[in-house]
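K.L.:
what would the 3D arrangement of this be:
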Amino acid sequence: MSTFSNQYTWYMEKSFLLSFLVISFLSCKSGQERISPPKPIPTVNQFSAFYQIFHTDSVYQMSHIQFPLEGIPEQGDTTAYPKGFKWLASDWAMHKLFNEKDTSFMREFKLLDSTMVIEAIYHKNSPMRMERRFSYNGAWNLIYYSPMRLPIEIKDQLKILK
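P.N.:
Predicted coordinates for the structure are as follows:
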């Protein structure tokens, strides 16, 4: 083989290795957890405007919840609900805006169509999650609420392990 061919092969191998190292270095975390930008609130049918008012005005919030509200009870509630659990207005605690600076939690919105939004808030280091469902029928309303808790499936599996 010619000297040029050997030099070219050596150069290509070194270039590949150098590229690989640079890409690996850039993709590594630098000791600090990367903070992903907050997930945007859907804008369909003015949902984002509704969402802001819903979390800052208690009268507005109460008037945009379909009580008795379907959902799942608090984690420690051991009562059996053969007809399904319902949240009552008398037991409702006002919901506040999600704190985007709290990096322990992550929020996601799922837009099913222009009339249904599902919001889920997850704890990053555990299977705990909260879910709310909003429906639009001329105005947005909260139609389902599950507080921060272990999902039912995981809770049932933990009982089996005990």
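K.L.:
and the strands in this structure?
P.N.:
65-71, 85-87, 105-113, 116-123, 129-136, 140-149 (DSSP state E).
K.L.:
what's near enough to touch residue 123?
P.N.:
When contacts are counted by C-beta atoms under 8 Å, 6 or more residues apart in numbering, residue 123 touches 104-105, 129, 148. From N, CA and C alone the C-beta is placed, and that goes for glycine too.
K.L.:
actually residue 118, sorry about that
P.N.:
So residue 118 contacts 109-110, 112, 131-134 (C-beta under 8 Å, 6+ apart).
K.L.:
got a PyMOL select line for the buried ones in those residues?
P.N.:
Buried residues within the contacts of residue 118, by 16 or more other C-beta atoms under 10 Å, are selected in PyMOL with:
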select buried, resi 109+131+132+133+134
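K.L.:
and of the contacts of residue 118, the nearest to residue 100?
P.N.:
residue 109 (13.1 Å; C-beta to C-beta).
K.L.:
give me the distance between the closest one and residue 120.
P.N.:
8 Å (C-beta to C-beta, to the nearest Å).
K.L.:
intersection of neighbour lists for the two?
P.N.:
By C-beta under 8 Å, 6+ apart, no residue touches both residue 109 and residue 120.
K.L.:
got the CA coordinates for stretch 111-119 in CSV?
P.N.:
The C-alpha trace of stretch 111-119 is given here as CSV (Å, rounded to 0.1, in the frame of the first residue of the first chain):
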residue,chain,number,x,y,z
LEU,A,111,-54.8,17.0,24.5
LEU,A,112,-57.3,14.3,23.4
ASP,A,113,-59.2,16.7,21.1
SER,A,114,-60.4,20.3,21.2
THR,A,115,-62.7,19.5,24.1
MET,A,116,-60.7,17.3,26.5
VAL,A,117,-57.4,18.0,28.3
ILE,A,118,-55.7,15.6,30.8
GLU,A,119,-53.1,17.0,33.1
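K.L.:
name the residues of it that are buried.
P.N.:
Those would be 117, 119, for stretch 111-119 by 16+ other C-beta under 10 Å.
K.L.:
check stretch 77-93 too.
P.N.:
85, 87, 92.
K.L.:
again, but for stretch 119-126
P.N.:
119, 121-122.
K.L.:
looking at these, which one is closest to residue 74?
P.N.:
The closest of the buried residues of stretch 119-126, once distances to residue 74 are taken by C-beta to C-beta, is residue 121, at 15.3 Å.
K.L.:
would you confirm that that closest one contacts residue 145?
P.N.:
No. Taking contacts as C-beta atoms under 8 Å, residue 121 lies outside contact range of residue 145: 11.6 Å.
K.L.:
good, wrapping up.
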